[in-house]
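Enquirer: Here is a sequence together with a model predicted from it:
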Amino acid sequence: LLVFAFGIARGATLDETSLSSTELLELGDKAFGTNDVASAIQQYKLGIESLSDEIPLQVALSLYTHLGSAQSHLGDNEEAVAAYRRAILLHSDTVDSLGDDEDAKRDVTNQAAQAAYYLGMVHQNTNNFEQSADAYALANSLDPLHWASVANLGAVLQDDMNQHADALAAYNKAYEILTQKDAEPTDPPEDLRAVLSQLQYRTGLAISSGMKGKKCALQDDPTKSVPCEEMAKHALSLAIQYDSSNEKAKHMLASLTADGTMSRATNEYVTELFNGYAKKFERSLVDELGYNGFERIRRGFDRVFGGSDKVPLFEIVIDAGSGTGLAGEEFRNVSKTLIGVDLSDSIIEEGKTLRPDLYDDLVVGDVVETFRERKPINLIIASDSYIYFGDLVPVFEAMQEGLGDGGYVALSLENVSAESELSLMEVKPDWRWQLTPSGRFAHRKEYVETVAEQHSMEMVRYETLDAFRHEKGEGVRGHLFVMRKAQDKEL
């Protein structure tokens with residue numbers, strides 16, 4: 001027998017308490033559908049208090065699951081987790097009471113799977129990644145056709161738990177569910193090809209990130225193996241076949257094939273990358289990857305003037321690729337007017353939340369265009385912002401046009417590893433930039449100096465930035481350049 005608490009909820013009317021649990025579920029759903037979430041929660045709670053043995057198990061599971069969704073909508077995550085767990089436990093404790101009614105058992109089990117899926121989402125959004133992974137796995141074990149649960153499981157394993165092989169297995173399982181013809185997947189996506197493209201992109205990313213230099217067994221014939229990098233290229237090629245507008249897949253495929261024709265990442269790629277990364281950008285970059293370039297670029301800039309107390313106040317300062325404001329915060333005290341520019345509107349909004357009122361103005365757009373629109377500029381900060389450019393000429397042309405005479409540029413860039421540098425010097429002594437497997441460009445010091453000179457930029461300071469961030473446990477090499485624009489010569 002099911003045992004539930006009874007009584008009149010605070011704020012409920014006698015008319016409401018006379019309704020059945022089924023009727024209260026319908027009222028709650030109607031209120032939720034009109035965004036009256038508080039009323040919906042009250043109806044669901046009343047419905048739960050009115051439950052009895054005569055009420056179908058499907059109704060009870062819906063009440064708990066819908067209650068959790070309403071509470072999650074309001075940000076009451078602890079309450080939502082409790083509601084979803086009650087739904088899952090209720091199913092576990094009572095599903096056998098349905099006897100031989102296999103259709104009813106399947107229906108309530110799928111409801112429990114949906115509750116587990118929602119539970120995984122709440123845990124994922126609150127950075128409880130192990131619990132999230134467990135919940136997604138439970139959802140798929142209850143409903144083997146629940147493709148979204150294993151797709152999300154793969155994302156958590158890859159992005160947050162660094163378990164690339166397990167993530168790959170999850171992506172493959174989601175892909176199989178969506179491409180098999182025996183049964184309809186649970187909640188099939190409206191744009192199937194776009195979802196398959198994303199799954200193949202993430203498959204390629206998981207292989208290239210976690211299995212570099214290894215051999216991978218072929219899925220159709222596990223006795224045969226090929227370099228994992230080839231499998232990654234195949235997955236990324238499939239991603240592009242499914243969706244020709246998948247800029248992330250194009251960019252990563254180019255990085256794996258060392259496409260020398262690629263001179264910069266597209267704006268669409270960078271925008272999509274950081275829009276999806278915005279909420280966890282700073283935690284990932286600073287806390288997990290140990291990034292300190294934003295601090296070191298300011299210290300190097302101070303040394304140009306003989307100390308932080310001797311740096312002048314600059315009239316107009318542009319923080320190119322401002323992100324959440326890490327570098328802008330470092331230069332705020334030497335900026336009369338500080339303007340942040342970024343392609344990603346999501347990361348700019350995240351920056352407003354983390355550092356409100358840091359900037360005097362914020363621009364969602366391309367830095368190249370902004371330099372020309374906001375001239376004359378006195379200082380340009382580019383803390384790792386140009387790592388999505390290979391060919392630096394277009395951005396230096398824009399800086400030359402946008403900077404006033406005597407204006408400064410402080411920028412940091414990545415360098416290739418010491419091993420890669422030796423190799424490049426042997427096979428291509430005149431190399432300028434290299435698209436790395438991370439999807440970022442690394443630049444040669446001499447190339448940067450040449451481009452700067454061609455655009456009236458005098459190099460006033462250079463510093464190496466060893467281990468300014470980490471990638472797969474290894475310190476990334478970088479360098480800092482401080483330049484000053486010479487006075488334009490009159491014709």
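Expert: The structure has been received and is ready for your questions. Numbering: from 1, shown residues only.
Enquirer: close enough to count as contact, Ala239 and Asn246?
Expert: Yes: taking contacts as C-beta atoms under 8 Å, Ala239 lies within contact range of Asn246: 5.3 Å. No exception for glycine: its C-beta is placed from N, CA and C like everyone else's.
Enquirer: Only the buried residues of the helix or strand hosting Leu138, if you could.
Expert: Here Leu138 is covered by helix 129-142, with elements defined by DSSP states H and E. Buried positions in helix 129-142, judged by neighbour count with 16 or more other C-beta atoms under 10 Å: 129, 131-140, 142.
Enquirer: quick one, helices of the stretch 1-150 of the chain?
Expert: Remark: helices of the stretch 1-150 of the chain, listed N- to C-terminal, are 14-17, 21-33, 37-49, 57-73, 77-94, 102-125, 129-142, 147-159; assignment by DSSP state H, counting those that start in this stretch.
Enquirer: okay if I get those helices as JSON lines plus distance to Asp361 and mean pLDDT?
Expert: Rendered in JSON lines, the data for those read as follows (distance: least, C-beta to C-beta, whole Å; pLDDT from 0 to 100):
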{"stretch": "helix 14-17", "distance to Asp361": "52", "mean pLDDT": "50"}
{"stretch": "helix 21-33", "distance to Asp361": "40", "mean pLDDT": "96"}
{"stretch": "helix 37-49", "distance to Asp361": "36", "mean pLDDT": "96"}
{"stretch": "helix 57-73", "distance to Asp361": "34", "mean pLDDT": "96"}
{"stretch": "helix 77-94", "distance to Asp361": "35", "mean pLDDT": "96"}
{"stretch": "helix 102-125", "distance to Asp361": "31", "mean pLDDT": "95"}
{"stretch": "helix 129-142", "distance to Asp361": "37", "mean pLDDT": "97"}
{"stretch": "helix 147-159", "distance to Asp361": "32", "mean pLDDT": "96"}
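Enquirer: residues contacting Arg477?
Expert: Contacts were defined as C-beta atoms under 8 Å, 6 or more residues apart in numbering; by that measure Arg477 touches 414-418, 442, 464-467.
Enquirer: Show the buried residues in those.
Expert: Burial by neighbour count, judged by 16+ other C-beta under 10 Å, picks out 414-417, 442, 465 from those.
Enquirer: Of those, which belong to helices?
Expert: Secondary structure defined by DSSP state H assigns none of the buried ones among the contacts of Arg477 to helices.
Enquirer: elements contacting the helix or strand where Ser412 lies?
Expert: Ser412 is located in strand 403-414, with elements delineated by DSSP H and E. Helices and strands touching strand 403-414, as assessed by 3 or more C-beta pairs under 8 Å, 6 or more residues apart in numbering; DSSP states H and E, comprise helix 293-305, strand 377-383, strand 441-443, strand 478-485.
Enquirer: Do me a favour and average the pLDDT over it.
Expert: For strand 403-414, the mean per-residue pLDDT is 96.
Enquirer: Please apply the same query to stretch 442-457.
Expert: 95.
Enquirer: could I get that stretch in PDB with only the CA atoms?
Expert: Extracted C-alpha coordinates of stretch 442-457, given in PDB (Å, rounded to 0.1, in the frame of the first residue of the first chain):
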ATOM      1  CA  ALA A 442      49.700  29.500 -32.200                       C
ATOM      2  CA  HIS A 443      52.000  32.200 -33.600                       C
ATOM      3  CA  ARG A 444      55.700  32.500 -34.100                       C
ATOM      4  CA  LYS A 445      57.400  35.500 -32.400                       C
ATOM      5  CA  GLU A 446      59.300  36.600 -35.500                       C
ATOM      6  CA  TYR A 447      56.000  36.600 -37.500                       C
ATOM      7  CA  VAL A 448      54.300  38.900 -35.000                       C
ATOM      8  CA  GLU A 449      57.200  41.300 -35.000                       C
ATOM      9  CA  THR A 450      57.300  41.400 -38.800                       C
ATOM     10  CA  VAL A 451      53.500  42.200 -39.100                       C
ATOM     11  CA  ALA A 452      53.800  44.800 -36.300                       C
ATOM     12  CA  GLU A 453      56.600  46.600 -38.100                       C
ATOM     13  CA  GLN A 454      54.700  46.500 -41.400                       C
ATOM     14  CA  HIS A 455      51.900  48.400 -39.700                       C
ATOM     15  CA  SER A 456      53.800  51.100 -37.900                       C
ATOM     16  CA  MET A 457      54.000  49.300 -34.600                       C
END
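Enquirer: Quick check: buried residues in stretch 291-303?
Expert: For stretch 291-303, using 16+ other C-beta under 10 Å, the buried residues are 291-298, 300-303.
Enquirer: for stretch 232-249, that is, sorry about that
Expert: 232-236, 238-240, 242-243, 246-249.
Enquirer: on that earlier part again, which parts of the strand holding Ser412 count as buried, going by neighbours?
Expert: 403, 407-414.
Enquirer: hmm, who's touching the helix or strand that comes right after that strand?
Expert: Using DSSP H and E, the next helix or strand after strand 403-414 towards the C-terminus is helix 418-427. Around helix 418-427, the neighbours that count as contacts under C-beta under 8 Å, 6+ apart are 415-416, 431, 434, 442, 477.
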